[in-house]
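Peer 1: only geometry, no sequence info:
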Ligand code: GRF
């Protein structure tokens, strides 16, 4: 099966990045991670890349808070292209991508979000589900477009909300579901590309 070349972008803990790297190592996911890039110098996700001997880089984001400066975003495109990346994986990347990335990788950028989209886009979605009194929430893998937590849904996984859940316990349960869903959704994409 074709091994898809991935580039992973993240700003934080990197637990989804770890799940993807472990899934590749165990042979379940026919892909390779060419590079892990973070806009946060000390982000644990970069440490995880090093642990798995994957190329990694810090990208200085520039002066904006919620997106990359255009110069930085063009540099990001260059880094991903140089690494031969075919599919971009957002794993806790806290900046909204704009034209340079969206045009360089049309329909080739995925994100994972901790709710059953279209419900609860935005930050701390598990808190929104808890506050609404929902009984079920979950996580969603979707294609990235110009709107936040929007774009074609690729895969979803449901997670129950239990009576005694706190934001922390619920978030932890959603993350467990994410770690199964994200590698499986990418593997599915590899299989469907193989079929074409
Ligand atoms: C995940 O919960 C994901 O849904 C959201 O950001 C978080 C990243 O977590 N987009 P991690 O850095 O992969 O642990």
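Peer 2: Received the coordinates, thanks. If you're wondering where the values come from, they're calculated on a predicted model, not measured in any experiment. Numbers count the residues shown, from 1 in each chain.
Peer 1: and the helix or strand hosting residue 17, anywhere near the ligand?
Peer 2: According to DSSP states H and E, residue 17 maps onto helix 15-25. Yes. Using CB under 6 Å from any ligand atom, helix 15-25 reaches the ligand at 15, 16. Yep, even glycine has a C-beta here, placed from its N, CA and C like the rest.
Peer 1: Pull out the buried residues from that helix.
Peer 2: 15, 16, 17, 18, 19, 20, 21, 23, 24 (16 or more other CB atoms under 10 Å).
Peer 1: Also stretch 101-120?
Peer 2: Buried-residue list, stretch 101-120, by 16+ other CB under 10 Å: 101-102, 104-105, 108-117, 120.
Peer 1: got it, and stretch 115-134?
Peer 2: By neighbour count on 16+ other CB under 10 Å, the buried set for stretch 115-134 is 115, 116, 117, 120, 125, 126, 128, 129, 130, 134.
Peer 1: Just give me the closest of those to residue 190.
Peer 2: Closest approach to residue 190 among these (CB to CB): residue 117, at 22.6 Å.
Peer 1: Provide the secondary structure category for the closest one.
Peer 2: When classified by DSSP: H, G, I helix; E, B strand; the rest coil, residue 117 comes out as coil.
Peer 1: Next, count neighbours for the closest residue to it other than its chain neighbours.
Peer 2: Once flanking residues are discounted, residue 117 sits nearest to residue 140: 4.2 Å by CB to CB, 6 or more residues apart in numbering. By the measure other CB atoms under 10 Å, the count of residues near residue 140 is 26.
Peer 1: my read is residue 140 is in a helix, agree?
Peer 2: No. Read with three-state DSSP, residue 140 is strand and lies in no helix.
Peer 1: Distance of it relative to residue 74?
Peer 2: 29 Å (CB to CB, to the nearest Å).
Peer 1: Please apply the same query to residue 188.
Peer 2: Computed as CB to CB, the residue 188 to residue 74 distance reads 31 Å.
Peer 1: and the residue nearest to residue 117, bridged to which residues?
Peer 2: Note on residue 140: beta-bridge partners by DSSP bridges are residue 113, residue 156.
Peer 1: which residues touch it?
Peer 2: By CB atoms under 8 Å, 6 or more residues apart in numbering, residue 140 lies in contact with 112, 113, 115, 116, 117, 153, 155, 156.
Peer 1: Which members of the residues you listed define the maximum pairwise distance?
Peer 2: Pairwise distances across the contacts of residue 140 (CB to CB) peak at 13.6 Å, for the pair 115 and 155.
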